[in-house]
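Enquirer: next comes the sequence, and after it the predicted model I'd like to discuss.
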Number of protein chains: 4
Amino acid sequence: MLNIAVIGCGRIGQMHARNIARHPRARLASVFDVDAAAAQRVAGALNVPVAKSVDAILASDSVDAILIASSTSTHADLLERAVAAGKPVLCEKPIDLSLARVNQCAAVIRGTKVPIMLGFVRRFDPGHRATRNAVRDGTIGELHQVVITSRDPGMPPVAYTEVSGGIFRDMTIHDFDMARFVLGEEPVEVSAQGSRLVDPKLMDRLGDYDTVTVVLRTASGKQCVINNSRQALYGYDQRVEALGTLGLALSENRRPHEAQIHKREFTGQAAPYLNFFIERYAEAFDAEIDAFVSAVENQVAPEVGFEDGRIALMLAEAAIKSAAEGRVVRVSELG
Amino acid sequence: MLNIAVIGCGRIGQMHARNIARHPRARLASVFDVDAAAAQRVAGALNVPVAKSVDAILASDSVDAILIASSTSTHADLLERAVAAGKPVLCEKPIDLSLARVNQCAAVIRGTKVPIMLGFVRRFDPGHRATRNAVRDGTIGELHQVVITSRDPGMPPVAYTEVSGGIFRDMTIHDFDMARFVLGEEPVEVSAQGSRLVDPKLMDRLGDYDTVTVVLRTASGKQCVINNSRQALYGYDQRVEALGTLGLALSENRRPHEAQIHKREFTGQAAPYLNFFIERYAEAFDAEIDAFVSAVENQVAPEVGFEDGRIALMLAEAAIKSAAEGRVVRVSELG
Amino acid sequence: MLNIAVIGCGRIGQMHARNIARHPRARLASVFDVDAAAAQRVAGALNVPVAKSVDAILASDSVDAILIASSTSTHADLLERAVAAGKPVLCEKPIDLSLARVNQCAAVIRGTKVPIMLGFVRRFDPGHRATRNAVRDGTIGELHQVVITSRDPGMPPVAYTEVSGGIFRDMTIHDFDMARFVLGEEPVEVSAQGSRLVDPKLMDRLGDYDTVTVVLRTASGKQCVINNSRQALYGYDQRVEALGTLGLALSENRRPHEAQIHKREFTGQAAPYLNFFIERYAEAFDAEIDAFVSAVENQVAPEVGFEDGRIALMLAEAAIKSAAEGRVVRVSELG
Amino acid sequence: MLNIAVIGCGRIGQMHARNIARHPRARLASVFDVDAAAAQRVAGALNVPVAKSVDAILASDSVDAILIASSTSTHADLLERAVAAGKPVLCEKPIDLSLARVNQCAAVIRGTKVPIMLGFVRRFDPGHRATRNAVRDGTIGELHQVVITSRDPGMPPVAYTEVSGGIFRDMTIHDFDMARFVLGEEPVEVSAQGSRLVDPKLMDRLGDYDTVTVVLRTASGKQCVINNSRQALYGYDQRVEALGTLGLALSENRRPHEAQIHKREFTGQAAPYLNFFIERYAEAFDAEIDAFVSAVENQVAPEVGFEDGRIALMLAEAAIKSAAEGRVVRVSELG
């Protein structure tokens, strides 16, 4: 049994705590949050202790590993401290909104053997993974083009948007990682276009976009198109398709059930999509914990690590630059 | 070029005339209807002569074959006369509403070499045929169960219903033929249930049903379930499924196009189904003409012939008996 | 928190124990099995005690309710004892294979206020329930016809089949309950057809069938067709459709994810269906526990109770009689 | 009846001739091709005369309108001559591969009242049109993003590719028109990326691409993404989606029928897509002729005209420039 402590008891931290508690080979050791009441609620429901402090967690012999689900600004610090304490860590994305800070963190942890896993949960979605596998195992031949559609059901709260680092760092970052997961090659060029359509006033104020398209290109010419919108009123739209020389693999949206209504005016009307990420990626969040537990048990590097987080952020930086300058940006320009 | 005359210029006759006119190896020789104005309308639109009489058609050297699309009560007579005149004939179903009359007709034409084809058009639908082929070519292994869903969009006019011979002879008859087409074995037992739900008053008056289920069974125990309703307000519902030892083949409904709407309250809302049989079975009607032309050209028996029409009517008779008596009826009981 | 003890630690008992353990308002009090090792395995994994005996469970103040998942032959006894002990009970179906024993049990518990829930889990499937709701809330108008397709992926072990009571009592019983759930009216007539196609030798020896169709009919003429097979190699096929005056509601099969492959030879190839009932009805099993907990908490009768189990068994008896005698059997004939 | 002569009897000309022949309000007046044998074959099959020359067609009183389906290099000349002769014209796309020639042609025909229709057939596809209508009638609210997937089943013959003008002028041009059709606003910026993946050697030699993505942007910030590939081995992939503030409209691919196979290893395997454009857009080609006939009858401007052809070519030019220079190109830069 792997004893895991959870730092951060917000919406995602709570979910991870619950998933750890029911994993057959993991145990929820304790939880912590700077908001003591939040920590207490989660601890009470799951019958585990509230840790006194992060230090207490890091020092505890009965904590084998740490899951970081606190606010973004704390990720890099906690990650460094966990590594220093020799505790394997599963850290929610992003590592930090600043590439400089991420690079600094990379320098601090360089050479560590402590397993570090980044929470790019979508890699663990059974449908997206089946699509990636169809690329990897040759089912669709040699890959040519990837199309990722990724739209949120609605704008996040303004307070969140203001500190999110912008759509490319906050939302598209998942798609940058998915692109790399499916492409199996590093993108070397980024071309991005941003529009302000959902909430133009807010976007103007923040210098951000709510509707973007990004085209990535690898050295061999493979392309990946990403379509994002902050507002897909019809639901959380999450699709991945991969075109190869022999065929197409396609991960379609998921509904809570498969009931339909057929009437005179229309046919096949189905339920709304699963909404939001906690529901849509429920199996993926479980599989992510499982992958982390397995990696620590087997002392192997987790499937998705620190460097994946760093590269996704670099792609975000390149996209920001591309959208601003109206030109293709080479990732190598970022130094 | 096969010169075909069309007898009967109602809705179905018109359609057949048009299909013949555009078939690459057929020519529409002439049309005839007891309603001279109706014949004139079709002839004018398609630039062909109106025949003076059925006799004129039968006697004409420039008529190679005949399509009978006149009213049901004339089918058997016309069929006998066409055979006597040595003209290959494609006759709309049913041959007659009376099994006695059909048997008499069978006696009259016994031994003829004149090609006779029955208009069981659904056999020529690409989707239903693909399903039958998956049975025949072993794709789904050995067949166990067939399920046919066949529902009309709405009640026919009362005047039609009164003379239609009842739902089993008029509507289910297509499904009896489809059952035989997919089963590849003769049903030996029939169990039918009828309800009066759509228009109970009319059904009570006519002693007919508007909602029926029929279970057919072959000597080897294969089953076929037929679900019929006179009113599927959501459209003309035409599905065929076949369960075998290795899998399932399924012919689903067809829409005029594949556009969908996704909204907050629902997803995947598609267009209404193709409606009614002239639209839904448009490709099948063309393929039927083609099969007739090919059979005559190649001097082979048409794929679906007089005996198929007779057996389908016997199954209808058995179903009527079964529904009335509340028991399984063996087809052999009909003598 | 409702403290629930689980009796029976086989495959289904284990699953229920796990579901209870993670339910937010339930606690797994203890488990019991006549096979002590089986009980110990479940108890160990879930960190709960093994009860000494059924008597100990019934006498325990720290057990608020009981879930019966032991072998079928013990259900009626345990149910009577639980009721006598005043413990609410969630009993797996069937109550017993003998209608006489079920009627006797009914007499014993008559008048009890102790909540009794029967494990007809499919009622809690989100897709099937949405279909039932579309009937109940008028979305599809007045109901005319229900079609239930229910096929197992493969024959159960011979040892199980020998004592299962036959396909109608063991397998179709779920569909009888689903029929009543969707119809919203009692079936009064049953017409059943059985074939021996999957394993004819075994079926001959047992006087059982492996491929059946059943048509139920309510007093108002509503029809329900059930298609069963013991072997659908393509997966656990679980569909429910309801035809009403205004439309069709349809609960389709469920896959583990929505990835597809499109190639030159075919398009839209998707993953196999969820297989078998523990996977397919995972959400339903959770919802079932939740419904039981809620019923006990609110001191209301569970949504599906003892009488539902008794009526489903009566329909099975009627189907057996109908298949044997080749005629429609009225439920009232069973006395 | 509108008497239409067809110039050009290749694959597309033949198809148009056949469609005209069966249109209820049109008559095929004559056909012409520089290859007399080709003209004779079409004329023979459809029982119409071969015209002696283009001049004869233009001078003929029994020709009301002209359809131009000859090779691309003749389009502009023929169009100018038809207009000079006062004959309404339906001209296959493109007008010419050279924007200069198109602009010259525009100058020549300026001010004419002769109806000119451009053969952007996809506008008449029922599915794509339903999607556009869902934008126009407000079903999906205010439009934000359009995604067009348009992939050919395989590379055209090398000889064709060499003179096609490149992928943007030859293939994407249809998508540029579709983008304008759905957007309902003019694109002002174009960003294009080209790769050489299907046949890198040929593409290198021609300076062309076989795999491209284009992002268009209107003045109000609406985006349209186009994904093209010269080789989708799984079939002719033709999809259009439109995201608006209230939902998504989506025109999916079309199959020849709706039969599926379900087996142990997969489920829902359907037939290949309709392939190639003559099959996929069969209804659209008929609707296009109908729209032309109606426009001439009603003396109104056809729905899609000369200027639409010119703008699509300008977008192609902008895309070529963008792909070459790695930057967003404003359409206004083209002068």
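Expert: Perfect, I can see it now.
Enquirer: which residues does stretch A:80-89 contact?
Expert: For stretch A:80-89, the external contacting residues (Cβ atoms under 8 Å, 6 or more residues apart in numbering or on different chains) are A:54, A:58-59, A:63-68, A:78-79, A:105, A:108-109, A:112, A:114-117, A:292, A:295-296. Yep, even glycine has a C-beta here, placed from its N, CA and C like the rest.
Enquirer: my guess is A:Q269 contacts B:F266. True?
Expert: Yes. Using Cβ atoms under 8 Å, A:Q269 makes contact with B:F266 at a distance of 4.7 Å.
Enquirer: mutual contacts of the two, please.
Expert: A:I261.
Enquirer: what's across from the residue of the stretch 51-200 of chain A found nearest chain D in the sheet?
Expert: Using Cβ to the nearest Cβ, the closest approach of the stretch 51-200 of chain A to chain D is made by A:S195 at 3.7 Å. On the basis of DSSP bridges, A:S195 is bridged to A:T211.
Enquirer: helix or strand for A:H174, which one?
Expert: helix A:172-183 (DSSP states H and E).
Enquirer: is chain D contacted by that helix?
Expert: No. Using Cβ under 8 Å from any Cβ of the partner chain, helix A:172-183 stays clear of chain D, coming no nearer than 12.5 Å.
Enquirer: just the C-alpha atoms of that helix, please, in CSV.
Expert: Extracted in CSV, the C-alpha atoms of helix A:172-183 (Å, rounded to 0.1, in the frame of the first residue of the first chain):
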residue,chain,number,x,y,z
THR,A,172,-4.6,25.1,-24.4
ILE,A,173,-1.7,23.7,-22.3
HIS,A,174,-3.7,20.4,-22.0
ASP,A,175,-4.0,20.3,-25.8
PHE,A,176,-0.3,21.0,-26.3
ASP,A,177,0.4,18.0,-24.1
MET,A,178,-2.2,15.9,-26.0
ALA,A,179,-0.6,17.0,-29.3
ARG,A,180,2.8,15.7,-28.2
PHE,A,181,1.2,12.5,-26.8
VAL,A,182,-0.4,11.7,-30.1
LEU,A,183,2.2,13.2,-32.5
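Enquirer: give me the element the closest residue to A:R101 other than its chain neighbours is part of.
Expert: Distances taken as Cβ to Cβ, 6 or more residues apart in numbering or on different chains place A:A76 nearest to A:R101, at 5.5 Å, with adjacent residues excluded. Using DSSP H and E, the element containing A:A76 is helix A:72-84.
Enquirer: adjacent strands (with direction) for whatever helix or strand comes next after that helix?
Expert: Following helix A:72-84 in sequence order, the next helix or strand is strand A:89-91 (DSSP H and E). Looking at strand A:89-91 with DSSP bridges, its partner strands are strand A:65-68 (parallel), strand A:116-118 (parallel).
Enquirer: turn those strands into JSON lines, including distance to A:G127, mean pLDDT and mean neighbour count.
Expert: Shown next, in JSON lines, are those (distance: least, Cβ to Cβ, whole Å; pLDDT from 0 to 100; neighbours: other Cβ atoms under 10 Å in any protein chain shown):
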{"stretch": "strand A:65-68", "distance to A:G127": "24", "mean pLDDT": "98", "mean neighbour count": "26"}
{"stretch": "strand A:116-118", "distance to A:G127": "21", "mean pLDDT": "98", "mean neighbour count": "25"}
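Enquirer: output these as CSV; include the columns distance to C:V190.
Expert: Formatted as CSV, these follow (distance: least, Cβ to Cβ, whole Å):
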stretch, distance to C:V190
strand A:65-68, 56
strand A:116-118, 58
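Enquirer: among those, which is nearest C:V48?
Expert: Evaluated over the strands paired with strand A:89-91, closeness to C:V48 peaks at strand A:65-68, with 25.6 Å, by Cβ to Cβ.
Enquirer: touching that closest one from outside, list them.
Expert: Under Cβ under 8 Å, 6+ apart, the answer for strand A:65-68 is A:2-8, A:13, A:16, A:20, A:57-58, A:74-75, A:78-79, A:82, A:87-92, A:292, A:296.
Enquirer: how about it as CSV, C-alpha atoms only?
Expert: In CSV, the C-alpha atoms belonging to strand A:65-68 read as follows (Å, rounded to 0.1, in the frame of the first residue of the first chain):
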residue,chain,number,x,y,z
ALA,A,65,4.3,10.1,-1.7
ILE,A,66,2.6,13.4,-2.2
LEU,A,67,-0.1,14.8,-4.5
ILE,A,68,0.1,18.5,-5.0
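Enquirer: any figure for the gap between the residue nearest the centre of chain A and A:E288?
Expert: Nearest to the geometric centre of chain A sits A:F120, at 3.3 Å (Cα atoms, centre = their mean). From A:F120 over to A:E288 the distance is 9 Å, taken as Cβ to Cβ, to the nearest Å.
Enquirer: what average pLDDT does stretch A:160-175 get?
Expert: The pLDDT scores in stretch A:160-175 average 96.
Enquirer: and A:V31, what is it in contact with?
Expert: A:5-7, A:9, A:13, A:17, A:39, A:42-43, A:46, A:48, A:50-51.
Enquirer: quick check: which element contains it?
Expert: Using DSSP H and E, A:V31 maps to strand A:26-32.
Enquirer: next: A:H144.
Expert: Using DSSP H and E, A:H144 sits within strand A:143-151.
Enquirer: paired strands for that strand, with orientation please.
Expert: Paired strands of strand A:143-151, defined by DSSP bridges, are strand A:223-229 (parallel), strand A:237-244 (antiparallel).
Enquirer: could those strands be laid out in JSON lines, adding distance to C:G127?
Expert: Below are the strands paired with strand A:143-151 laid out as JSON lines (distance: least, Cβ to Cβ, whole Å):
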{"stretch": "strand A:223-229", "distance to C:G127": "29"}
{"stretch": "strand A:237-244", "distance to C:G127": "21"}
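Enquirer: ok, which residues in the stretch 1-150 of chain A are in contact with chain D?
Expert: A:G141, A:E142, A:H144, A:Q145, A:V147, A:T149.
Enquirer: how about CSV for the residues you listed, with neighbour count added?
Expert: CSV is the format used below for the residues of the stretch 1-150 of chain A next to chain D (neighbours: other Cβ atoms under 10 Å in any protein chain shown):
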residue, neighbour count
A:G141, 15
A:E142, 13
A:H144, 24
A:Q145, 25
A:V147, 23
A:T149, 24
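Enquirer: closest to A:T245 among the residues you listed?
Expert: A:G141 (3.4 Å).
Enquirer: and the closest one, what element?
Expert: Using DSSP H and E, no helix or strand contains A:G141.
Enquirer: what sits against it?
Expert: Contacts of A:G141 by Cβ under 8 Å, 6+ apart are A:G244, A:T245, A:L246, A:G247, D:L233.
Enquirer: stretch A:95-105 - what's its average pLDDT?
Expert: Rounded mean pLDDT across stretch A:95-105 is 96.
Enquirer: stretch A:47-63 now?
Expert: 96.
Enquirer: thank you, goodbye.
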